[in-house]
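[1] Compute the structure for the input listed below.
(one chain, ligands or ions: 2)
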Amino acid sequence: MGFNCGIVGLPNVGKSTLFNALTKAGIAAENFPFCTIEPNTGVVPMPDPRLDALAAIVKPERVIPTSMEFVDIAGLVAGASKGEGLGNQFLANIRETDAIAHVVRCFEDENVIHVAGQVSPLDDIAIINTELALADLDSVEKALLRLTRQAKGGDKEAIAIKAVLEKIKPALDEGLPARSVGLDADERLLIKSFGFLTLKPTMYIANVAEDGFDNNPRLDAVRELAAGEGAVVVPICNKLEAEIAELDEDDKVAFLADLGMDEPGLNRVIRAGYGLLNLHTYFTAGVKEVRAWTIPVNCTAPKAAAVIHTDFEKGFIRAECIAYEDFIQYKGEAGTKEAGKWRLEGKDYIVKDGDVLHFRFNV
Ligand SMILES: Nc1ncnc2c1ncn2[C@@H]1O[C@H](COP(=O)(O)OP(=O)(O)OP(=O)(O)O)[C@@H](O)[C@H]1O
Ligand SMILES: [Mg+2]
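    Ligands and ions are numbered 1, 2, ... in the order given. Predicted coordinates:
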């Protein structure tokens, strides 16, 4: 299903360190601005303890998690929208992502160069948001020239699109994201093909020092700004996460326990990315495999089936459905049936997070 989340931010704030930890890909993360040139894409498994609980009951041959893609993008500098730094290339890379994880440096370390010479999260965020807004403004202005002509000729669609662009333009003019305008679903659909950067769902990753989770005014500042935008903040120490990711499983458990953590902080990043995209999970649980599948929230059973195979959607008859909690409580399908918790659902059924499904279909 390829949903992806682009990792964006100023140079040298810890984007590749986060990406490496996420993918353990071991690509270059050095104390050197512009270390990343080509975007790197990594498929990251979704941590979901429910899979293990299902597997403990079903005892399948294999267990397959669902995944999300993260893209490590080169650092952005002021002026990128005018071609500074790796400007245009960088912006094109972001345009291709579904959501943005904006990494903000909230750690002090004189050995790590900051492009502006000092660590100031709000200034950093403003630089990035301004560049993204300017890039969108550029697209809006170009499109408006064309649409104005077409609108004069009475083209209904052009008139409708033009109206939406004119609605977001004043915000962009002020360096504010288009998502601050509050477009409705129809308006968003009309301008979807532009791939506006500042319409993408965005979260802030506050990259803190190991001891920077509490009493950190920089983190507080990011939280306050994000609250105003209705955006999620994930505080994390990317450097520590990269170290944790290098450990083998046994050492990892011990090391996390030492730190008083029950899972890597990365899991919060992955889950937040998933949430940002409005995705959730259903399961299939057979003796061959127990598997998690990603679907958009509010997805019907046939659409959910299509994620496995388009034939499942085309030939959809019914979905056999067990809620996750019931599956666990009654220890599998047989127990659930006895308890009267096993259901048959039709084509209008909206699949819920955690549903254990088996599709009946014919082709
Ligand atoms: N939480 C942290 N505390 C201390 N140092 C960190 C932290 N996170 C990252 N670093 C260090 O910051 C430096 C830059 O990290 P990284 O290469 O990940 O940045 P980047 O954002 O990918 O830069 P570029 O835009 O140049 O690709 C590295 O030396 C890394 O170890
Ligand atoms: Mg990098």
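[2] which ones are touching the residue in the stretch 251-363 of the chain positioned nearest to ligand 2?
    Across the stretch 251-363 of the chain, the shortest distance to ligand 2 (C-beta to the ion) belongs to Val269, at 15.8 Å. No exception for glycine: its C-beta is placed from N, CA and C like everyone else's. With contact set as C-beta atoms under 8 Å, 6 or more residues apart in numbering, Val269 has these partners: Leu18, Leu22, Ala101, Ile205, Val234, Ile236.
[3] OK, now which residue of the stretch 201-350 of the chain is nearest to ligand 2?
    Asn238 (10.9 Å).
[4] That residue is in contact with Asn207, isn't it?
    Yes. Between Asn238 and Asn207 there is a contact under C-beta atoms under 8 Å: 4.8 Å.
[5] what's the overlap in contacts for these two?
    Gly14, Thr17, Leu18, Val103.
[6] mind checking the SS state of the residue of the stretch 1-150 of the chain found nearest ligand 1?
    Minimum separation of the stretch 1-150 of the chain from ligand 1 (C-beta to the nearest ligand atom) falls at Gly75, amounting to 2.6 Å. Under the three-state scheme (DSSP: H, G, I helix; E, B strand; the rest coil), Gly75 adopts coil.
[7] From ligand 2, how far out is it?
    Computed as C-beta to the ion, to the nearest Å, the Gly75 to ligand 2 distance reads 6 Å.
[8] Ala78 too?
    Counting by C-beta to the ion - Ala78 and ligand 2 are separated by 18 Å.
[9] For that residue, grab phi and psi.
    When read as degrees, to the nearest 10, the backbone of Ala78 gives phi -60, psi 140.
[10] Need the nearest residue in space to it, chain neighbours excluded.
    Sequence neighbours aside, Ile127 is the residue nearest to Ala78 in space, at 5.1 Å (criterion: C-beta to C-beta, 6 or more residues apart in numbering).
[11] Look at the one you found and say how many residues are nearby.
    Neighbour count for Ile127, taken as other C-beta atoms under 10 Å: 21.
[12] And for Val363?
    Val363 is flanked by 7 other residues according to other C-beta under 10 Å.
[13] was I right about Glu69 contacting Phe19?
    No. Glu69 is beyond contact range of Phe19, at 11.1 Å (criterion: C-beta under 8 Å).
[14] Compare the two (neighbour count), which wins?
    Taking other C-beta under 10 Å, Glu69 and Phe19 do not tie; Phe19 has more neighbours (28 against 18).
[15] per-residue pLDDT, the residue lying closest to the more buried one once chain neighbours are set aside?
    Nearest in space to Phe19, with sequence neighbours left out and distances taken as C-beta to C-beta, 6+ apart, is Asp72 at 3.8 Å. Predicted confidence (pLDDT) for Asp72: 90.
[16] shared neighbours of Glu69 and Phe19, anything?
    Residues within reach of Glu69 and of Phe19 at once, by C-beta under 8 Å, 6+ apart, are Gly42.
[17] who's in contact with Asp258?
    Contacts of Asp258 (C-beta under 8 Å, 6+ apart): none.
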